[in-house]
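[1] model the following, please.
(one chain, ligands or ions: 2)
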Amino acid sequence: MKLQKPKGTQDILPGQSERWQYVEAVARETFASYNYAEIRTPLFEHYEVFARSVGDTTDIVTKEMYDFYDKGDRHITLRPEGTAAVVRSYVENKLFAPEVPKPVKVYYMGAMFRYERPQAGRLREFHQLGVECFGSSNPATDVETMAMAYQLFNKLGIKDVVLHLNTLGTPGSRAKYRQALIDYLTPLKDQLSKDSQRRLEENPLRVLDSKEKEDKVAVANAPSILDYLDEESQAHFDAVREMLEALKIPYVIDTNMVRGLDYYNHTIFEFITKVNDSELTICAGGRYDGLVAQMGGPETPGFGFGLGQERLLMILEAQGLKLPIEPALDLYVAVLGDVVNAAALEIVQAVRLQGFKVERDVLGRKLKSQFKSADQFAAKTILTLGESELEAGQVTVKNNQTRAEVTVSLEALKTNFAAILEELF
Ligand code: ATP
Ligand code: MG
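    Ligands and ions are numbered 1, 2, ... in the order given. Model prediction:
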């Protein structure tokens, strides 16, 4: 058992990894067009980085952290999410300094770790594509960031993702609403799930997005945050809605969606889609204007999201979307006998250096099984190199599909494979 992967982890094998790379390439291209640059932070951080920011009553911190003491007795955590780590880095590297152009926009992609019960779309090691924008409190930033995620889904061809929008308002509005919610829920306490009874004490907003049936019933008539927004909160929310509408990005207002992390204010959102009849959040984020200051930096507004890469790929699969991935070889060189081993190497190297994808036999197999390999690698063209070809200085390159062929000099092959391909296709 010890020689198998730990529960909740996955190997991403060839055949799958191309899909990951494709999604990442589209994401990089999309993020870059919004002027985002990549940031890479450590996979592990001091425990306090997450405990202080994500919130020490949240599920992530109370139940899901992979934390341990290292040999130097430091309390370390494998990162459960990206935002806190990026904010830590923003402050530590003084990216708030006037000489750093504003807003500071960074994206990351990589592994996150949470001790959860593994199930479809829920792993212990999973991957997020995430973005963070620092320095803008303009609602246009909220909207362009949500639009960016929306554009990414569109580029990948994903259908039926719905933007769920809510606001937590200013800390003042949120506090007033929190009290109203406590007043509403306290008489219903006995009807709540065990977890939500605890949440009511520690983090009452979290009761709203509980997945337990009894909690859903209890919160059905709960007061709405929208009735507790002060002027500033209302103005920000209205502006976000108007700009989303101007960009024709469809959304629904979902006042029971509150997000699991403590650091949000104003806009929060999730992109939700259906996979085999159950709803799945692929992307979630929002505004966190207090977080940079809370982590020791100057007052700096922030906005960002995290997008679950496994879930994204699951949805691509479930929606049957073909990705434009090119696994094909341009040329397969079948090798006839050890005497041409070195010559075959020179040929594949020369063609590779021209920018083509080339493979050859290295196992000294019978021609028949070499041709089978060529088919498995989806080779577009194939040639056989033996002693006679070498002596003649000529080879026959075949279109592996139509069987059309052309005989060319080794010199031509080594210097202009493009012309040969042209002739065969
Ligand atoms: P959920 O309510 O599904 O537990 P969350 O609120 O914990 O999600 P976030 O912390 O906002 O999720 O993470 C952002 C995104 O990362 C999620 O929308 C989801 O796509 C993905 N994600 C979160 N946890 C996991 C996990 N354990 N395995 C795979 N993907 C995950
Ligand atoms: Mg979670």
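[2] mind listing what whichever residue of the stretch 301-425 of the chain sits closest to ligand 1 touches?
    Minimum separation of the stretch 301-425 of the chain from ligand 1 (C-beta to the nearest ligand atom) falls at residue 308, amounting to 2.3 Å. In short, each C-beta sits where N, CA and C put it, glycine included. Applying C-beta atoms under 8 Å, 6 or more residues apart in numbering to residue 308 gives the contacts 121, 126, 127, 128, 281, 282, 283.
[3] between those, which is closest to residue 249?
    Distances from these to residue 249 were compared by C-beta to C-beta; the smallest belongs to residue 283, at 13.2 Å.
[4] wait, a strand at the closest one?
    Yes: counting by DSSP: H, G, I helix; E, B strand; the rest coil, residue 283 falls inside a strand.
[5] hmm, residue 306 and it touching each other?
    Yes: counting by C-beta atoms under 8 Å, a contact exists between residue 283 and residue 306, whose distance comes to 7.2 Å.
[6] quick one: which of these two has more around it?
    For the pair residue 283 and residue 306, the greater number of neighbours falls to residue 283 (25 against 20), based on other C-beta atoms under 10 Å.
[7] look up which residues are beta-bridged to the more buried one.
    Residues in a beta bridge with residue 283, per DSSP bridges, are residue 271, residue 307.
[8] by proximity to ligand 1, which residue of the stretch 1-150 of the chain wins?
    Taking C-beta to the nearest ligand atom, ligand 1 has its nearest neighbour within the stretch 1-150 of the chain at residue 126, 3.4 Å off.
[9] that residue against residue 309, yeah?
    Yes: judged on C-beta under 8 Å, residue 126 makes contact with residue 309 at a distance of 7.2 Å.
[10] from the contacts of residue 308, pick the one nearest residue 333.
    Taking C-beta to C-beta as the measure, residue 333 lies nearest residue 127 of the contacts of residue 308, at 36.7 Å.
[11] surely that closest one is in contact with residue 110?
    Yes: using C-beta under 8 Å as the test, residue 127 is close enough to residue 110 to be in contact (6.3 Å).
[12] who has more neighbours out of those two?
    More neighbours sit around residue 127 than around the other of residue 127 and residue 110, counting by other C-beta under 10 Å; the figures are 22 against 14.
[13] mind listing the residues bridging to that one?
    In this structure, residue 127 has beta-bridge partners residue 111, where bridges are defined by DSSP bridges.
[14] repeat that for the one 5 residues further on.
    Beta-bridge pairing of residue 132 under DSSP bridges involves residue 106, residue 304.
[15] what's the burial count for it?
    Under the neighbour criterion other C-beta under 10 Å, residue 132 is assigned a count of 28.
[16] residues in contact with it?
    82, 83, 86, 87, 90, 105, 106, 107, 302, 303, 304.
[17] repeat for residue 261
    For residue 261, the contacting residues are 54, 55, 58, 60, 81, 83, taking C-beta under 8 Å, 6+ apart as the criterion.
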